[in-house]
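>>> Return a 3D structure for these sequence lines:
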Amino acid sequence: MKVSLFTKVNKPTVKECIEYLHGHFDCVSVYQGKTGDPFPAVAHHESSDIVLSYLSPWIIPKVILEKTTLWNINFHPAPPEYPGIGCFNFALYNNEKTYGVTVHHMAERVDTGKLIAVKRFPLLESDSVYSLSIKSYGYMLSLFFEVVDLIITKKSLPKNNETWKRKPYTRKELEKLCEISLDMKEGEIKKRIRATTYPRMPGTYIKLAGYKFEYKPEK
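Numbering: from 1, shown residues only. As a prediction, the model looks like this:
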C-alpha cells in the first residue's frame, strides 16, 4: 500500500506522523513545504492508495485526489465550526468554551468533505493562540494515530454525523480581525489582541495616516 503525506516543515507533531507512517508502511512519500511554496511537481507524476494532508501548506489539486485508489484524508486543527484558516483566532475571539480537531475526507474545495471523526476539549479563558495551537496539535496527533491504525488493521473508517457549520474562513477575514481602530472600545481591542497575538508572527495592527503600526508584545 502506498501512502503520500503532504505536510508543513517545522510544525509540532509532524515528525511523529512521518516516523509512524515509515514504521508501518513499505512505501511512503512525504512532501513537506512552507506557506507560499509551489506545489511539489513530482507529486503530479505519482499515484497513491492513500493521500494524507496534515497541516499541509498546499491545497491538494483535484487531479491528485482523483488518482487515489482508497482515501484522501485531511486532518484539520479545528472543529467543524471553524473550517478554513485562522481557526484558533476566531474561536478565541468568539470566547468559545470548547474547541476541537477534525479529520475528514478531502473534497476539491477546502474543508468541505464528509467528516470521519471529531475530538473536542475545553478552551480555557487563559488560553492564547499559542497554547490553543499546541493543545490542538496534540489532539490531532492522537486522532492521526487512531485513523492510521484503522487503515493498518484494514478496518472501515468511521462516519461522523456532524457537518461543517459554515463556509471556510478566508485570509481576508483573518486580516480584518487583526485590525483595530480608534473608535473601538477597550474590551473589543483586548479581544482582538488575545485572538491574534502569536510569538514572532504578525498580529494586531492599526492604520494611521497611511502608516501601519503593529502590536509587538515581545518588544
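>>> ok, now which ones touch residue 171?
85-86 (CB atoms under 8 Å, 6 or more residues apart in numbering). Glycine gets a C-beta too; all of them are placed from N, C-alpha and C.
>>> Where do the helices of this structure begin and end?
For the chain, applying DSSP state H gives helices covering 14-24, 62-67, 87-93, 129-152, 171-178, 186-196.
>>> mind giving me JSON lines with those helices and columns for distance to residue 207?
As requested, the helices of the chain are exported to JSON lines (distance: least, CB to CB, whole Å):
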{"stretch": "helix 14-24", "distance to residue 207": "36"}
{"stretch": "helix 62-67", "distance to residue 207": "38"}
{"stretch": "helix 87-93", "distance to residue 207": "19"}
{"stretch": "helix 129-152", "distance to residue 207": "22"}
{"stretch": "helix 171-178", "distance to residue 207": "11"}
{"stretch": "helix 186-196", "distance to residue 207": "14"}
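>>> Which of the ones you listed has the highest mean neighbour count?
Each of these was assessed for mean neighbour count using mean count of other CB atoms under 10 Å. The highest is helix 87-93, with a mean of 23.
>>> any idea how far residue 70 is from residue 19?
The spacing between residue 19 and residue 70, counted by CB to CB, to the nearest Å, is 22 Å.
>>> typed the wrong thing, it's residue 93
In this structure, residue 93 and residue 70 are separated by 38 Å, where distance is defined by CB to CB.
>>> before we move on, back to that, now the helices of the chain as JSON lines including mean pLDDT?
Compiled in JSON lines, those are given as follows (pLDDT from 0 to 100):
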{"stretch": "helix 14-24", "mean pLDDT": "97"}
{"stretch": "helix 62-67", "mean pLDDT": "94"}
{"stretch": "helix 87-93", "mean pLDDT": "97"}
{"stretch": "helix 129-152", "mean pLDDT": "97"}
{"stretch": "helix 171-178", "mean pLDDT": "96"}
{"stretch": "helix 186-196", "mean pLDDT": "96"}
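>>> so which of the ones you listed comes closest to residue 80?
helix 87-93 (10.5 Å; CB to CB).
>>> who touches that closest one?
With CB under 8 Å, 6+ apart as the contact definition, helix 87-93 has outside contacts at 76-78, 81-82, 99, 123, 127-129, 132-133, 136, 169, 173-174, 177, 191-192, 194-196.
>>> Mind doing that once more with 7 Å?
Contacts to helix 87-93, defined as CB atoms under 7 Å, 6 or more residues apart in numbering, come from residues 77-78, 82, 99, 123, 127, 129, 132-133, 169, 174, 177, 191-192, 194-196.
>>> residue contacts, the closest residue to residue 212 other than its chain neighbours?
Residue nearest to residue 212 in three dimensions, not counting chain neighbours: residue 205, with 5.5 Å by CB to CB, 6 or more residues apart in numbering. When contacts are counted by CB under 7 Å, 6+ apart, residue 205 touches 178-179, 212-215.
>>> got the phi/psi numbers for residue 79?
phi -80, psi 170 (degrees, to the nearest 10).
>>> gap between it and residue 72?
Separation of residue 79 from residue 72 (CB to CB): 20 Å.
>>> And the two? Which one has more around it.
Neighbours per residue, other CB atoms under 10 Å: of residue 79 and residue 72, the larger number sits with residue 79, 25 against 21.
>>> didn't the more buried one look like it was pressed against residue 104?
No. No contact is recorded between residue 79 and residue 104 when judged using CB atoms under 7 Å, the distance being 11.2 Å.
>>> That's all I had, so thanks and see you.
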